[in-house]
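Chemist: mind folding the following:
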Amino acid sequence: VLASISYQCLFRLYQKLAGMTGTAWTEKDEFESIYDLKVSPIPSNKPCQRRDEDDEVYTSEEGKWSAVVRAVREAHSLQ
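Modeler: Below you'll find the model as predicted:
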């Protein structure tokens, strides 16, 4: 006979829980309501280097791949 248990029930078996994730802060309300856990953000010690850019939407596959080729050429300065 196989037993099964939900994550919620499994986590409740432990007196203390700890962990790190980059997505817990956005799901803070769920952690508090379902698991009765407090979520605390810890800032990074270095500034973020990622550049967030707008999404690009293409109406055709050919247009998409042409844009990919342009981006690669631009990145490698081959124009």
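Chemist: which SS class is residue 11?
Modeler: helix (DSSP: H, G, I helix; E, B strand; the rest coil).
Chemist: low-confidence stretches in this protein?
Modeler: Along the chain, segments meeting pLDDT under 70 span 1, 78-79.
Chemist: mind doing that once more with 80?
Modeler: Residue ranges of the chain with pLDDT under 80: 1-2, 8, 35, 78-79.
Chemist: show me where it has helices.
Modeler: Taking DSSP state H as the test, the helices found in the chain are 7-12, 28-35, 61-75.
Chemist: nearest to residue 42, out of these?
Modeler: In terms of CB to CB, the element of those nearest to residue 42 is helix 28-35, at 13.5 Å. Where C-beta positions appear, they are placed from N, C-alpha and C, glycine not excepted.
Chemist: quick one: contacts of that closest one?
Modeler: 8, 11, 12, 17, 24, 37, 38, 39 (CB atoms under 8 Å, 6 or more residues apart in numbering).
Chemist: any idea which of those residues is closest to residue 58?
Modeler: Lowest distance from residue 58 to these (CB to CB) belongs to residue 24, with 34.1 Å.
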